[in-house]
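1. Got a predicted structure here, sequence first:
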Amino acid sequence: GTPAGSTYKVHHNKIHDVASGIVYVPNGATDAGIQAYNNWEYDINSSVDISNTGAQMTGSLIHDNHFGTTMVWDFTGCATHHNSLHAFATIAAGAVNAGIDFYNNFIDGDWGFCGTAGLFMEGNAQGGNQNYRVFNNVWAMTGLNTTTWISSIVSLSGSGTMGFYNNTIIHPNLPPRPVLATGDTLNITVKNNVIMSLRNANLVILGGTPTLVAWDYNLYETPANFTQIFGLPPTYWSFTTWKSAHAGVDIHSTYYATGGSMLINTTTGVQSAGSPTIDSGVDLSGLGITALNSDALGNARGAGAGWDVGAFEFGAGVPTPSTPTGVHMASFVGSTFAIPIWAPCTDGCVGYLVYRSLVSGVYGTPIATITVASAAAAHSPMTQYIDSSLLTAGTGYYKIAAFDALNNVSALSSEVSITVTGKQ
């Protein structure tokens, strides 16, 4: 059982090939929630589940995680529905999830055809999510390739207040599902977000009876002009009619009706020079959310003339993964192959680059890129590489680098070498 009023911390784990990565079931009359951070989860149906059937829970923090591919859990009939975070509290049993913060998370990979949402704050009969905040996240999933995707990229419901700040949501080509859906009786503030689709799709769908407290300084994009980018079904609005129908909404926001206008890498969510996201946001430091005053990589907001829109601040220093350690050789002297091995990274890297040279200290381009997929295909750990191309006598020198989800690359590791006799 879960002790009441405790705060559990689950962090710096690699979790994969299970139905649910982290499951938290609040217990007792009151519960202080869970902290889940710096985890890397992939090939999982649902990365974090908060399943509250009776407790008054407050203060869960889900941050700085990398949630990857879910499509391996696709089955005919979609008995499993994929989520990064799925939070619900059964109102009928007196359950409440209050004060959840979901921030600095990167959600990518192939999400197949059985998704619920890249973030699912469940509403309606389950409801019970109150007074929560979502900021500095990137959704850049692929897949979603049939109409069985049943909700949206981000689905936010509940009651009380909800703040949605400086997020980047990139809708893939398929299917025609909403990018952002909100509902129930939430009092909603939505500012400084990038909401874009690679096809003409509903960008924002409202449900229930939400109150738009403040909704501005957002940037929207579809590949071509689309007259139904906002909706409260069965009513839909173009950007112009949306603003007319909701006084004070999106006064400083912009809608781009040409694909690629925002100059954002659709795989990483990072903007390039000249992007309209730069300096076009509003300073939100007055909200008093310390983590929001930095971007998703920890860079201070306001690196230029103002805050950038979206999860990243352009022009700020970009942290790189730590340099791989523990590099050594696991090959037999005199063989025709070499196997460099290294210790796994602990700060969110998603792969490694292997460099080889025939001259000590002189390295060009990497000879191999090691990812989850390539390691699985080779039936090999991610922290080793079998180099079978050393067929002639001589010495091979090796260094390893790590890279993260945004393709930031670490410094090269220390050098290791092996001398082989060549093919006999």
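-> Perfect, I can see it now.
2. make it CA atoms for all contacts and neighbour counts henceforth
-> Will do.
3. for this protein, what spans make up the helices?
-> 239-245, 372-377 (DSSP state H).
4. Let's test this: mean pLDDT of the first one, rounded?
-> In other words, helix 239-245. The average pLDDT for helix 239-245 rounds to 93.
5. Buried ones in it, by neighbour count?
-> Neighbour counts using 16 or more other C-alpha atoms under 10 Å place 239, 242-243 of helix 239-245 among the buried residues.
6. Relative to Tyr363, which of the residues you listed is nearest.
-> Closest to Tyr363 out of these is Phe239 (52.0 Å), distances taken as C-alpha to C-alpha.
7. Okay, that closest one and Val249: tell me how far apart.
-> Going from Phe239 to Val249 by C-alpha to C-alpha, to the nearest Å gives 10 Å.
8. What of Phe102?
-> Phe102 sits 24 Å away from Val249, going by C-alpha to C-alpha.
9. ok, the two, which is more surrounded?
-> Neighbours were counted for Phe102 and for Val249 using other C-alpha atoms under 10 Å; Phe102 has more, 22 against 18.
10. residue nearest the centroid of this structure?
-> Residue closest to the average C-alpha location in the chain (C-alpha atoms, centre = their mean): Phe106, at 1.8 Å.
11. Per-residue pLDDT of it, please?
-> With respect to pLDDT, Phe106 has a value of 92.
12. Would you check that it makes contact with Phe67?
-> Yes - under the contact definition of C-alpha atoms under 8 Å, Phe106 touches Phe67, with a separation of 6.2 Å.
13. about what we covered before: how about the residue nearest to the centre of the chain, what does it touch?
-> 64-67, 137-140 (C-alpha atoms under 8 Å, 6 or more residues apart in numbering).
14. Grab the two from these that are most spread out in space.
-> Distance extremes for the contacts of Phe106: the farthest pair is Asp64 and Ala140 at 15.3 Å, using C-alpha to C-alpha.
15. which parts of the helix or strand bottoming out on mean pLDDT in the chain are buried?
-> Ranking every helix and strand in the chain by mean pLDDT, DSSP states H and E puts helix 372-377 at the bottom, with a mean of 75. For helix 372-377, burial by neighbour count (16+ other C-alpha under 10 Å) applies to Ala375.
16. which stretches of the stretch 301-424 of the chain have low pLDDT?
-> Residues of the stretch 301-424 of the chain meeting the criterion pLDDT under 70: 316-319, 331-336, 348, 391, 422-424.
17. now do 80
-> Counting by pLDDT under 80, the ranges of the stretch 301-424 of the chain that qualify are 315-320, 331-337, 346-348, 372-373, 375-380, 389-393, 405-407, 421-424.
18. just checking, Thr325 touches Ser413?
-> Yes - using C-alpha under 8 Å as the test, Thr325 is close enough to Ser413 to be in contact (6.5 Å).
19. Pick out whichever of those two has more residues nearby.
-> Using other C-alpha under 10 Å as the criterion, Thr325 and Ser413 rank with Ser413 on top: 20 against 16.
20. mind checking how far that one is from Ile400?
-> Separation of Ser413 from Ile400 (C-alpha to C-alpha) stands at 5 Å.
21. Give me the common contacts of those two.
-> Contacts common to Ser413 and Ile400, judged by C-alpha under 8 Å, 6+ apart, are 324, 327.
22. tally of neighbours for Asp250?
-> 22.
23. quick one: contacts for it?
-> The contact partners of Asp250, by C-alpha under 8 Å, 6+ apart, come to 215-218, 243.
24. if we go to 10 Å?
-> Counting by C-alpha atoms under 10 Å, 6 or more residues apart in numbering, Asp250 touches 190-191, 214-219, 239-240, 242-244.
25. picking up where we left off before, distance to Thr346 for the helices of the chain - can I get that in TSV?
-> As requested, the helices of the chain are exported to TSV (distance: least, C-alpha to C-alpha, whole Å):
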stretch	distance to Thr346
helix 239-245	44
helix 372-377	15
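26. So for Met162, which of these sits nearest?
-> Minimum separation from Met162 across these (C-alpha to C-alpha) falls at helix 239-245, 20.5 Å.
27. which other residues reach the closest one?
-> Contacts of helix 239-245 (C-alpha under 10 Å, 6+ apart): 220, 225-231, 236-238, 249-251, 253-256.
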